[in-house]
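[1] Fold the stuff below for me.
(one chain, ligands or ions: 1)
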Amino acid sequence: MKEKRTGFATRLGAIAATVGSAVGLGNIWRFPYQAGDNGGGAYILVYLLCVVLLGIPIMMSEFIIGRSTHKSMKGAVQELTPGSPFKIFSYVGVLGALLICGYYSVVCGWVIEYLWNSADGSLLGHTPEQYGDMFGALVGTPQRCVLWTLLFLLLNFLVLSRGIQKGVERMANIMMPLLFILLIVFCVNSLLLPGSMKGMDFLFNPKFEDLGWKGVVDAMGQAFMSLSLGVTCLITYSSYFNDDSRLMKDAVTISALDTLVAILSGIVIFPAVFSFGLEPNAGPKLIFEILPTIFQQMPGGVIWSVLFFVLLFFASITSTISLSEIPITFMIDEYKMSRVKALIITAVLMTTVAVLSALSFSTLSDVKLFGKNIFDFLDYVGPNIFMLLGGLVTAIYVGCFLKKEIIHNQLTNGGKYRSSFVQPYIIFCLRFIAPVAIIIIFLYYTGIF
Ligand code: PFF
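    Numbering: from 1, shown residues only. Below you'll find the predicted structure:
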C-alpha cells in the first residue's frame, strides 16, 4: 500500500539516508565523552551488548512498522493495530526530536566554529590547557555560541526547504567513507603516540567497579541515540524502503557501521588523552580539547583539521535533517499541513530550544533543571528518557502486539527468504530483554539501584 508522499525520502536512497541519520555527533562527540565519564572498558562492553540485544532488534521493529505500511508512525499503527493507544508514542517522538535537535545543533555550531578557526589557521599552535580555555571562551560567549548555532540551523532548514536533501545525502555518501578513512588515519596516529597503550587499556579493559547502574543506563541511552532509535525517525525512513530490501541485513550493516565509527572515535581520542596527560572525564568538551592537540602534532595539521571538521559537519547535518523530518512529517500527516507551514513551525520550535541551549553556559548558566544546565539536561533527557522510553515501548509493541505473520513477512520478504534463527532471536529480545531493560531503568530512576 503505497501512498503518494511529498516528503524528502522519495527522492533519495532510503538506506543511505538511514546511515546518514545514524552516523553523526552521537558517534564522534557523545560516545567518547560518555565512555570517558563512565570509566571506559566496562561501559563499552555494555554498550556493545545494548547494540546487539536491543539496538538491532529495535531497529528491526521500527523497520517492520515502517516498511509493512509505508506510512509514518501514527498512520502505521492505525493500520497495523486499529484503535491501539500505541500511536500516542508519535507525540513522544516529535517532542524528543525537537529537544534533541535543539541541543544537538548547538554542538553543530561548535563544529562550524572549529572548522572556521581551522581554516583561518588560528586553531592550531596551542597547549592542551589553552584548548580547554578556548572551548570555555566559545561556550561562555553568548553571541558567538548563538550565532554559530543559528547559522547551522539556517543551513539545515535551507536544505530542507529547498528539497536538496538528495544532494546533501549524495555528498554525504562520498563524505562518510572519507570520514571513515580519516578516522583510521587518526587512529594509527594516536596509537603511535608515546603512552598510547594506557588509552587502549582504558577503552578495552573492562573495570566494572567504575561503571555502576548509571553507566549501564547511560550506555543504553547512548546506543539508542547513536542508532537513532525510539523517536520514530527510522519508522519514517523505512516507510520509503523498497519491498526487496533485506531488513535484517540492513539493520545489521547500519548498526555495525555506526558502532565501528564510535569505536574508531574512541581509539582516536583516548590514546591521545593519556599520552598528553589529560583527564578522560572532561565531559562534552572532550573532543574539542583533544582533537586540536592531535592535529597540531600531525604533519600538515591544518589540512587534517579542516578536512575533519568539514566531514563532521556533513555527518552532523544528515542527522539533524532526519531529526527535523520527524515533526515535519508528523504535522503533515496529522494536521494535513502544507510542507512549508510544517517546516516553518518546526524551525521556530527547534530554534527556540537551540538558543536556550546555546545560552546554557553563559547568560542562562544559573537556570538549572534537576541540577543540570539546559544543555546538559537535554543531553541527558533526550537519549536517556525519550529515546529509551520510545524504543523500548516500540519493542514491546512489535514483540507482543503485532501479528507474527507481519513480522515473518517482513523478515522473509513475503516468504522469499528464510528467516531461520533471526525471527526467534528478534522476538526473544523484544519480549524478554526489552522488559528487563525497562525494569533496570525504572529501578535506577526510582533510586532503588
Ligand atoms: N544518531 C545520530 C547521531 O548519532 O549523531 C543522532 C540522531 C539522529 C538521533 C536522528 C535521533 C534521530 F532521530
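[2] Where does pLDDT dip in this protein?
    By pLDDT under 70, the weakly predicted segments of the chain are 1-12.
[3] which parts of the protein sit against the ligand?
    21-22, 24-27, 97, 100, 225-226, 228, 231, 233, 319, 322-323 (C-beta under 6 Å from any ligand atom). To be clear about C-beta, it is placed using only N, CA and C from the backbone, and glycine gets the same treatment.
[4] Buried ones among these?
    Neighbour counting by 16 or more other C-beta atoms under 10 Å classes 21-22, 24-27, 97, 100, 225-226, 228, 231, 233, 319, 322-323 among these as buried.
[5] circling back to that earlier point, which pair in the residues of the chain next to the ligand spans the largest distance?
    Asn27 and Ala97 (18.3 Å; C-beta to C-beta).
[6] Can you tell me the closest non-neighbouring residue to the closest residue to the ligand within the stretch 1-150 of the chain?
    Residue of the stretch 1-150 of the chain nearest the ligand, by C-beta to the nearest ligand atom: Gly26 (2.1 Å). The shortest distance from Gly26 to any non-neighbouring residue, by C-beta to C-beta, 6 or more residues apart in numbering, is to Ser226 (4.3 Å).
[7] ok, that neighbour - contacts?
    22, 26-27, 30-31, 258-259, 262 (C-beta atoms under 8 Å, 6 or more residues apart in numbering).
[8] change it to 6 Å
    Contact analysis of Ser226 by C-beta atoms under 6 Å, 6 or more residues apart in numbering lists 26-27, 258.
[9] Closest to Gly13 out of these?
    For these, the nearest to Gly13 is Asp258 (16.8 Å; C-beta to C-beta).
[10] How many residues are close by that closest one?
    Residues near Asp258, counting by other C-beta atoms under 10 Å, number 26.
[11] hang on, it packs against Ser21?
    No. With contact defined as C-beta atoms under 6 Å, Asp258 and Ser21 do not form a contacting pair (9.6 Å).
[12] quick one on the thing from earlier: out of the residues of the chain next to the ligand, which is nearest to Leu123?
    Closest to Leu123, out of all of those and judged by C-beta to C-beta, is Leu25, at 18.3 Å.
[13] gap between that closest one and Asn413?
    Using C-beta to C-beta, to the nearest Å, we find Leu25 at a distance of 34 Å from Asn413.
[14] now swap in Gln34 and tell me
    In terms of C-beta to C-beta, Gln34 sits 37 Å off from Asn413.
[15] In terms of packing, which of the two has more residues around it?
    Legend: neighbour count by other C-beta under 10 Å for Gln34 and Asn413, higher for Gln34 (26 against 15).
[16] mind checking which helix or strand that one is in?
    Gln34 is part of helix 31-37, with elements assigned from DSSP states H and E.
[17] Excluding chain neighbours, give the residue nearest to Val273 in space.
    Pro280 (5.2 Å).
[18] for that neighbour, helix, strand, or coil?
    coil (DSSP: H, G, I helix; E, B strand; the rest coil).
[19] Wait, it touches Gly36, no?
    Yes. With contact defined as C-beta under 6 Å, Pro280 counts as touching Gly36 (3.8 Å).
[20] quick one, which of these two is more surrounded?
    Gly36 (25 against 22).
[21] Helices of the stretch 51-200 of the chain, residue ranges please.
    Secondary structure of the stretch 51-200 of the chain by DSSP state H, counting those that start in this stretch: the helices cover 56-69, 73-80, 89-119, 128-140, 142-162, 165-191, 196-204.
[22] Output those as TSV; include the columns distance to Ile427.
    Below are the helices of the stretch 51-200 of the chain laid out as TSV (distance: least, C-beta to C-beta, whole Å):
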stretch	distance to Ile427
helix 56-69	8
helix 73-80	16
helix 89-119	20
helix 128-140	46
helix 142-162	37
helix 165-191	32
helix 196-204	32
